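A.B. asks: Based on what follows, work out the 3D shape:
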Amino acid sequence: MLEAAVLYSMKWKSFGYSIGDSLVMNIISTIAGIIIFRNSFPTRWADRLLLLLMTFAVTVIIEGLWLVLNRKSNTIARALLVAFAANLASYSLLALIMQQFAFAFIAVALLLAIILVNSNKLASEQDKAAAGKSEIQ
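C.D. replies: The predicted structure follows:
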């Protein structure tokens with residue numbers, strides 16, 4: 001639900017589509033993660049953090065590609081940005097559980113910045129569209 005809320009807040013699709021997309025992309029990336037990292041059980045803090053960052057990168061790529069393939073109307077850059085933001089939210093929660101508070105703080109700050117930039121960009125595009133319509137009339 002957390003990733004679906006991020007997808008919806010970034011104007012991905014309707015909330016229903018965002019729930020479905022986040023569910024499927026998480027199933028796909030979970031299966032891929034189990035296959036890729038099945039023998040990785042680090043005990044040292046630095047190794048756990050490295051594994052977390054590696055799984056984050058793999059997850060963003062897999063989920064971003066799935067979003068592009070599933071919703072052909074979006075660009076790869078936009079799909080990767082949406083997947084990045086959604087995973088920042090869920091990995092922030094995971095980092096808190098793993099007691100990596102510094103990573104969680106940075107991830108939440110990045111997530112908020114991405115959402116703000118994205119919403120400002122969409123508002124600017126809507127303002128330009130509205131200005132264009134008023135000039136035509």
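
A.B. asks: all helices of the chain, in order?
C.D. replies: For the chain, the helices defined by DSSP state H occupy 2-9, 15-37, 45-70, 76-97, 101-136.

A.B. asks: Retrieve the pLDDT associated with the closest residue to N26 other than its chain neighbours.
C.D. replies: Nearest non-adjacent residue to N26, counting by CB to CB, 6 or more residues apart in numbering: E3, 6.8 Å away. In short, each C-beta sits where N, CA and C put it, glycine included. Listed pLDDT for E3 reads 81.

A.B. asks: How about the contacts made by E3?
C.D. replies: 22, 25-26, 86-87, 89-90 (CB atoms under 8 Å, 6 or more residues apart in numbering).

A.B. asks: Filter the residues you listed down to the buried ones.
C.D. replies: Listed as buried from those are 22, 25-26, 86-87, 89-90; burial here means 16 or more other CB atoms under 10 Å.

A.B. asks: which of these sit farthest apart?
C.D. replies: Largest separation among these by CB to CB: M25 and A89, giving 13.3 Å.

A.B. asks: what sits up against stretch 61-77?
C.D. replies: Stretch 61-77 has contacts (CB under 8 Å, 6+ apart) with 12-13, 21, 24-26, 28-29, 32, 79-80, 82-84, 86-87.
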